[in-house]
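> structure for the following, please:
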Amino acid sequence: MKTLLKFILVCTLLVGCAQKSRSRLSHDPAREVNLAGKKLAEIPPYIFSVNQLEVLYINGNHLTYLPAKIGDLDGLIVLNAAYNKINQIPKELGTLKYLETLFLSNNQITMLPGNVKDLTELRTLKINDNQIAYLPEGVGNLKNLRHLDVKNNQLQVFPEGIIQLGALKFLDCGYNRISSVPSNIKKLKKLETLNLGGNSISAIPSGIGSLKSLKHLEIQGNPLVQFPREIKNLKRLQYLDISGLRLIRLPAEVCALKELRVLVISNNQLTSLPKELANLKKLHTLFIASNDFTVFPDVICELRGLKNLVLIGNDIKAIPREIGQLTELTDLKFEQNRIGSLPDEMRLLTKLKGLNLDHNQFTLQEVKRIRKLLPPQVELRYKGQAVK
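The predicted structure is shown next:
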């Protein structure tokens with residue numbers, strides 16, 4: 001009798017493990033249906049009879065709703081219904097207990113059903129580019145969620161439930177109407193990417209400095225009253241976008257981010273850059289477009305690893321000879337300035353791919369000189385045409 005009970009217990013455990021691990025197995029092609037881009041106005045009825053369907057692509061069609069029968073696909077792991085015209089989501093969606101990936105982006109959805117909280121296996125949820133004003137209260141129950149994209153919606157309040165998503169690594173709340181961020185955002189210890197750009201946020205809480213795993217941060221285009229000094233504590237940060245913050249000087253805290261690879265500070269009111277910027281030895285991309293520079297910042301020439309430099313839309317009159325030190329440059333953009341000549345040291349930029357001289361003060365004679373000066377692989381453009 002004991003042997004029989006032990007056998008039953010082992011079998012029960014094996015079945016449980018198999019159910020838990022089913023999503024980690026590679027998807028069987030026979031259990032996948034791809035109807036993407038078929039100009040469908042509704043989901044074909046036969047779909048709901050496909051045995052043990054796990055993956056369904058219905059993105060890029062003309063669907064206006066998801067039918068209640070979507071709940072019949074109880075083995076579904078991946079559902080992509082993005083890029084349709086869907087304006088309502090049935091509560092039956094919340095019964096898909098194995099669902100791990102759900103794409104509903106670029107539709108006309110105004111709200112999600114409350115029982116979306118029951119999708120506890122969900123890892124990725126993309127509902128960006130809709131008309132959603134709030135998230136269901138139970139969203140904090142999605143304990144396995146790693147990736148949440150709600151950008152370009154109509155959120156006015158930062159959804160508190162998000163703070164309970166301890167496994168979250170990617171959070172995009174950009175371009176909503178959010179006016180404040182809760183201080184307990186510091187609880188998202190595993191967060192690597194955070195986009196708060198394009199909202200109405202006046203203050204970033206000090207807790208942001210506790211997000212030690214953060215690598216990518218966007219806070220651009222907000223009416224910040226004060227720059228968040230705690231950013232200096234983000235020692236792993238590699239990407240920072242602080243454009244459109246009406247900055248008149250680059251905050252010193254930025255120059256402490258030694259792991260930074262990409263820095264976007266366009267659309268501010270900067271006239272100079274601090275010498276401490278040279279501390280960012282790993283920086284390979286710098287955007288300083290649409291500021292108030294009249295002189296090329298000398299410190300840029302100390303960023304020897306720079307590959308991409310964008311100076312568009314300033315009032316710079318000359319490029320210094322030291323530009324030749326930036327031998328890793330592949331992309332240099334300085335349209336819409338007042339530059340009339342380039343130094344001979346430009347010939348040292350052997351990795352440069354292209355250069356556009358438009359909307360400056362170059363004469364045709366100078367353009368011809370520059371063409372001879374630059375390495376042959378550089379595509380030179382002037383007045384909208386390639387210069388041979």
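
> can you find the helix or strand in the chain with the smallest mean pLDDT?
helix 2-21 (a mean of 38; mean pLDDT, DSSP states H and E).

> for the helix or strand following that helix, what is the distance to the chain centroid?
The C-terminal neighbour of helix 2-21 among helices and strands, as given by DSSP states H and E, is strand 32-34. How far strand 32-34 lies from its chain's middle: 28 Å, per Cα atoms, centre = their mean, to the nearest Å.

> each with direction, which strands does the following helix or strand past strand 32-34 pair with?
The helix or strand immediately downstream of strand 32-34 is strand 55-57, counting by DSSP H and E. Applying DSSP bridges, strand 55-57 is found paired with strand 32-34 (parallel), strand 78-80 (parallel).

> burial of the closest residue in space to M346 that isn't next to it in sequence, as a residue count?
Nearest non-adjacent residue to M346, counting by Cβ to Cβ, 6 or more residues apart in numbering: L373, 5.7 Å away. In this view, the C-beta of every residue, glycine as well, is placed from N, C-alpha and C. L373 has 17 neighbouring residues, counting by other Cβ atoms under 10 Å.

> quick one: L309 is in a helix?
No - L309 sits outside any helix when classified using DSSP: H, G, I helix; E, B strand; the rest coil, being strand.

> show me the beta-bridge partners of it.
Counting by DSSP bridges, the residues bridging with L309 are L286, L332.

> give me whichever of the strands paired with strand 55-57 is most buried.
Compared across these, strand 78-80 shows the largest average neighbour count, a mean of 21 (mean count of other Cβ atoms under 10 Å).

> so for the very next helix or strand once past it, what's the average pLDDT?
Downstream of strand 78-80, the next assigned helix or strand under DSSP H and E is strand 101-103. What strand 101-103 shows for mean pLDDT is 98.

> parallel or antiparallel, which strands does strand 101-103 pair with?
strand 78-80 (parallel), strand 124-126 (parallel).

> for I316, find the nearest of those strands.
For these, the distance to I316 is smallest for strand 124-126, at 40.2 Å, taking Cβ to Cβ.

> report the contact partners of the residue nearest to M346.
Contacts for L373 were tallied using Cβ atoms under 8 Å, 6 or more residues apart in numbering; they are 342, 344, 346-347.

> quick one: low-confidence ranges for this protein?
The model of the chain has pLDDT under 70 over residues 1-27.

> which parts of the chain are helices?
Using DSSP state H, the helices of the chain run over 2-21, 364-373.

> CA-only coordinates of the last one in PDB, if you can.
Included here for helix 364-373 are C-alpha records, laid out as PDB according to Å, rounded to 0.1, in the frame of the first residue of the first chain:
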ATOM      1  CA  LEU A 364      31.500  75.700 -53.300                       C
ATOM      2  CA  GLN A 365      35.300  76.100 -53.400                       C
ATOM      3  CA  GLU A 366      35.500  75.000 -49.800                       C
ATOM      4  CA  VAL A 367      33.200  72.000 -50.500                       C
ATOM      5  CA  LYS A 368      35.600  70.900 -53.200                       C
ATOM      6  CA  ARG A 369      38.600  71.200 -50.900                       C
ATOM      7  CA  ILE A 370      36.700  69.100 -48.200                       C
ATOM      8  CA  ARG A 371      36.000  66.400 -50.800                       C
ATOM      9  CA  LYS A 372      39.700  66.000 -51.600                       C
ATOM     10  CA  LEU A 373      40.500  66.200 -47.900                       C
END
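
> for S243, give its distance to C255.
Here S243 is placed at a distance of 17 Å from C255 (Cβ to Cβ, to the nearest Å).

> on that earlier part again, okay, the strands paired with strand 55-57 in a markdown table with distance to P182 next?
Formatted as a markdown table, those follow (distance: least, Cβ to Cβ, whole Å):
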| stretch | distance to P182 |
| --- | --- |
| strand 32-34 | 40 |
| strand 78-80 | 30 |
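
> E92: which of the ones you listed is closest?
The nearest among those, by Cβ to Cβ, is strand 78-80 at 12.1 Å.

> what's next to that closest one, contact-wise?
Strand 78-80 is contacted by residues 27, 36, 54-59, 70, 96, 99-103 when judged by Cβ under 8 Å, 6+ apart.

> what residues does D172 make contact with?
D172 neighbours (Cβ under 8 Å, 6+ apart): 128, 148-151, 193-195.

> next step: these restricted to strands.
Counting by DSSP state E, the contacts of D172 place 148-149, 193-195 in strands.

> now the two most distant members of those.
Across these (Cβ to Cβ), the longest gap, 11.8 Å, separates D149 and L194.

> which one of the two has more residues nearby?
Using other Cβ under 10 Å as the criterion, D149 and L194 rank with L194 on top: 25 against 21.

> list the beta-bridge partners for that one.
L171, L217.

> residues in contact with it?
Applying Cβ under 8 Å, 6+ apart, we find L194 in contact with 171-172, 208, 211, 214, 216-218.

> repeat that for L76.
L76 sits in contact with 53-56, 96, 98-99, where contact means Cβ under 8 Å, 6+ apart.
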